[in-house]
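Novice: Mind folding the following:
(one chain, ligands or ions: 2)
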Amino acid sequence: MVKMYYDQDAQLDVLKGKTVAVIGYGSQGHAQAQNLRDSGVHVIIGLRPGRSWEQAEQDGFEVFEVDEAVRRADVVQLLLPDEVQAKVYQEQVAPHLKSGSALFFSHGFNIHFGQIQPASDVDVVLIAPKGPGHLVRRVYVEGFGVPALIAVHQNASGQAKELGLAYAKGIGATRAGVIETTFKEETETDLFGEQAVLCGGVSELVKAGFETLVEAGYQPEIAYFECLHELKLIVDLMYEGGLANMRYSVSDTAEYGDYSSGKRVVGEASRQAMKEVLKEIQDGTFARNWIDENRQGRPNFQRLREEERNHQLERVGAELRRMMAWLDGKKKEPVQS
Ligand SMILES: NC(=O)C1=CN([C@@H]2O[C@H](COP(=O)(O)OP(=O)(O)OC[C@H]3O[C@@H](n4cnc5c(N)ncnc54)[C@H](OP(=O)(O)O)[C@@H]3O)[C@@H](O)[C@H]2O)C=CC1
Ligand SMILES: CC[C@](O)(C(C)=O)C(=O)O
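Specialist: Ligands and ions are numbered 1, 2, ... in the order given. The predicted model follows:
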């Protein structure tokens, strides 16, 4: 039975008098820090000198080296890239973490795969927003929230869940709903979602559709509008009211094509591939590969990133978006190097 929490189930007072150190000021860091501050929570930022540090100061935060921020904090939220968390934790967080304080994550990777093993005298809590950081901020400012998951790995204080719910309320998540889970369930479902559906699956679907049309001789600009731009508008309808809402708005011709052709495109072979992807997440193969890739200086990651940046779809899209004035300021340049 799902356990859900909303605004009325969470008390911001639990964070009163406490200092939250948000370590990292990237996608999630800037969003969670700003939302918490707007909710009346005392927030400081922990970073290394660089672009994010300058940005956090410009946004009015007190910024410290990671070890100093940890020393000052009652709650430490680790919002560094997953692949650097273990090293930074061992060198700059663990030696300074106060007994009785709390260590928070927004993704369970390092706890679930044993890369970080916190001391037993701290609470270890997961608050994982189910949305990209820039949307966590944008939606909060609009008065709404991005849903999140909560999990408690260690409850040293006896108050870990209440603290987690207060934090979730501070970032706006209890406006939309917070589901109780475990680090294992969050890690495995999150990795699956981003690989099979949200990032990997959708990117490949979009590119495959674009390439099919262009190879058949259609104009790349039309292929871009059809396969990428309109996807956002279609997904908005799904977000607002599920598949039925999308099917209500599209033509009956489109709805019939949806039923008759969709399963040919994402058929048994794709479902089988999804099961394999899930198995490699569950048995730790993906985590081992990603950790190794980072140890070797990310050669494959960098090559693939470059290849994807140069795809015709990206070049055509950049040209078309130049004329869409309403997108100005929407694209988020990464604040990290
Ligand atoms: N992106 C998202 O929307 C989501 C992310 N998460 C999770 O949130 C966590 C943070 O991810 P995300 O926000 O994407 O990370 P980003 O890559 O966007 O930001 C990382 C931040 O960490 C800083 N940083 C990197 N290395 C160091 C270091 N050695 N010492 C100090 N600071 C450092 C960067 O600063 P600098 O400018 O110095 O590089 C940057 O501010 C991860 O656990 C991720 O899985 C969960 C849900 C969604
Ligand atoms: C879909 C990608 C994500 O899992 C997210 C925004 O939730 C991530 O880790 O960035």
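Novice: Quick one: low-confidence residue ranges for this structure.
Specialist: For the chain, the stretches with pLDDT under 70 are 332-337.
Novice: quick one: the closest residue to ligand 1 within it from V84, how far?
Specialist: Closest to ligand 1 within the chain is G26: 1.8 Å, counting by CB to the nearest ligand atom. No exception for glycine: its C-beta is placed from N, CA and C like everyone else's. When CB to CB, to the nearest Å is applied, the distance between G26 and V84 equals 11 Å.
Novice: So for these two, which residue has more residues nearby?
Specialist: Legend: neighbour count by other CB atoms under 10 Å for G26 and V84, higher for G26 (18 against 12).
Novice: elements contacting the strand or helix carrying R138?
Specialist: In this structure, R138 sits in helix 133-141 according to DSSP states H and E. Using 3 or more CB pairs under 8 Å, 6 or more residues apart in numbering; DSSP states H and E as the contact criterion, the elements in contact with helix 133-141 are helix 27-38.
Novice: any bit of the helix it packs on sitting next to ligand 2?
Specialist: No. Judged by CB under 6 Å from any ligand atom, helix 27-38 makes no contact with ligand 2; its nearest approach is 6.9 Å.
Novice: Do any residues in the next helix-or-strand element following that helix lie close to ligand 1?
Specialist: Tracing the chain past helix 27-38, the next element assigned as helix or strand by DSSP H and E is strand 42-47. Yes. Strand 42-47 is in contact with ligand 1 by CB under 6 Å from any ligand atom, via L47.
Novice: that older thread, tell me the buried residues in the helix holding R138?
Specialist: Of all the residues in helix 133-141, those buried under the rule 16 or more other CB atoms under 10 Å are G133, V136, R137, R138, V139, Y140.
Novice: of all the residues you listed, which comes closest to P49?
Specialist: G133 (21.5 Å; CB to CB).
Novice: what about the closest one, distance to V20?
Specialist: Computed with CB to CB, the distance linking G133 and V20 is 16 Å.
Novice: The nearest residue to S157 once chain neighbours are set aside pairs with what?
Specialist: Setting aside the residues directly before and after it, S157 is nearest to D123 in space (CB to CB, 6 or more residues apart in numbering), at 5.2 Å. Listed beta-bridge partners, D123: A102 (assigned using DSSP bridges).
Novice: hang on, isn't D123 packed against A151?
Specialist: No. At 11.6 Å, D123 does not count as touching A151 under the criterion of CB atoms under 8 Å.
Novice: M238 against N245, yeah?
Specialist: Yes. Between M238 and N245 there is a contact under CB under 8 Å: 6.8 Å.
Novice: if we can go back for a sec, tally of neighbours for the residue nearest to S157?
Specialist: Summarising burial for D123: neighbours were counted as other CB under 10 Å, giving 23.
Novice: For it, which residues are in contact?
Specialist: Applying CB atoms under 8 Å, 6 or more residues apart in numbering, one finds that D123 lies in contact with S101, A102, L103, V152, Q154, N155, A156, S157, Q159, A160, L163.
Novice: how about a cut-off of 10 Å?
Specialist: 75, 100-104, 152-161, 163-164 (CB atoms under 10 Å, 6 or more residues apart in numbering).
Novice: Mark which of those are part of helices, please.
Specialist: Secondary-structure check on the contacts of D123 using DSSP state H: residues within helices are A160, K161, L163, G164.
Novice: neighbour-wise, which of those leads?
Specialist: Neighbour counts for these were taken using other CB under 10 Å; the highest belongs to G164, with 27 neighbours.
Novice: What sits closest to that one if chain neighbours are left out?
Specialist: Using CB to CB, 6+ apart, the closest residue to G164 is V125 (4.2 Å).
Novice: Report the secondary structure state of the one you found.
Specialist: strand (DSSP: H, G, I helix; E, B strand; the rest coil).
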